[in-house]
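> Sharing a model that was predicted from the sequence below.
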Amino acid sequence: MCQLFIPWLLVVLLIASIILLFFKRLWWLSIVLVIVVLLLNCRYEVVAFNLSIQKESDGVLKVMTWNIDGSSPTILDNINKISQKIRQENTDVVFIAEDFYQCCDVLDILLKPVYPFTTHIVCNDSHYFYSKYPLSKSEWIGKEIDPLSCIIECYVDIEGQKIALYGCHLSCNNYSGGKENLRAEQIHGFSSLLLYLQNVDFSSQLREEECGFIANRVDFNTLTFIMGDMNDVAGSPALRILGTLGYKNAWWKGGSGYGATIHSPVPYRIDHILYRQGLKGLKLNSIKKIDAEGLSDHDALVAEFIFEK
């Protein structure tokens, strides 16, 4: 839970370091605080500092993840624009979270001409992969941990290259199986704040179990991407489980800035694309955040990878 406070702690420490510069005898303390900020930033992968690393390559793979907020009352009004944004990025694979019943059939029709392969057949419950290339061995896994979350496992074959895909909508702080639903904007008073913090702790444990479940299934001999709405920030115990297996956070390795993918009630980067660097020559080429422009409460992420010979 403490990782949620790290970004704001960094801001406070930076402000304090600037104030200390006005006191001649305390300039050294200002330097100490800046060093602490840099160490915490690296530890929790808060703000990324990367220059453009794009390279020319014949073997390029693009992936996208986007939570489209299918429960929004305006989703059907926005579905054409959502489809246009997805198709405009022209990725090879896209994972769409919260594509609920009221919009999934419409979006399916709009995307099928470009993305003829999908995981609808195994998970008619709001979270899907779409692909330009054939998908196989599709399975909804991890339901026993939290029936309200979702992990889709499948494989895509791109010109003879087998790639494992894990699309995630992990346990949410606002709602998870076995606890009372409560959103951050519904907090009014100490009692509701205490309840929400208990929910955050409960959901954090579920996300650790879910990431551990994924960790036990990955095949180190197969190229693998883990992406989606993780409902957790980089540096969290859950994502560190995957980090111990060598999975890198694409934003931290190739992004620039804070990169928040949600902005209300507090900005955080909870949507991620994870990959294992260097496996069979897979290298991150670029990553960018796509502004939802009011179409969803989440921004999208698009990452481009190259296969080095």
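Arrived safely, thanks for sending.
> This structure: helices as residue ranges?
Remark: helices assigned in the chain by DSSP state H are 6-20, 27-44, 75-89, 101-111, 190-215, 237-243, 250-254.
> pretty sure residue 239 is in contact with residue 230, am I right?
Yes. Using Cβ atoms under 8 Å, residue 239 makes contact with residue 230 at a distance of 6.6 Å. Heads up, the C-betas are built off the backbone N, CA and C, glycines and all.
> So for these two, which sits in the more crowded spot?
residue 230 (26 against 23; other Cβ atoms under 10 Å).
> what residues are up against the nearest residue to residue 251 once chain neighbours are set aside?
Leaving aside its chain neighbours, residue 251 sits nearest to residue 259 (5.0 Å; criterion: Cβ to Cβ, 6 or more residues apart in numbering). Residues counted as contacts of residue 259 (Cβ atoms under 8 Å, 6 or more residues apart in numbering) are 48, 251, 269, 289.
> filter those residues to the buried ones?
Among these, those scoring as buried are 48, 251, 269, 289 (criterion: 16 or more other Cβ atoms under 10 Å).
> Closest one to residue 203 out of those residues, please.
Ranked by distance to residue 203 (Cβ to Cβ), those are led by residue 269 at 17.1 Å.
> returning to what we had before: tell me the spacing between the residue nearest to residue 251 and residue 49.
Distance, residue 259 to residue 49, using Cβ to Cβ, to the nearest Å: 11 Å.
> Kindly report the same for residue 112.
Counting by Cβ to Cβ, the separation of residue 112 from residue 49 is 40 Å.
> And residue 170, by the same measure?
Note on residue 170: its distance to residue 49, by Cβ to Cβ, is 27 Å.
> And the pLDDT for residue 200?
With respect to pLDDT, residue 200 scores 82.
> Need phi/psi at the residue nearest to it when sequence neighbours are not counted.
Closest residue in space to residue 200, ignoring its immediate chain neighbours: residue 173 at 4.8 Å, by Cβ to Cβ, 6+ apart. Here is the backbone geometry of residue 173 (degrees, to the nearest 10): phi -60, psi -30.
> ok so, going back, of all the helices of the chain, which lies closest to residue 129?
With Cβ to Cβ, the closest approach to residue 129 among the helices of the chain belongs to helix 101-111: 11.0 Å.
> other SSEs contacting the closest one?
With contacts defined as 3 or more Cβ pairs under 8 Å, 6 or more residues apart in numbering; DSSP states H and E, the packing partners of helix 101-111 are helix 75-89.
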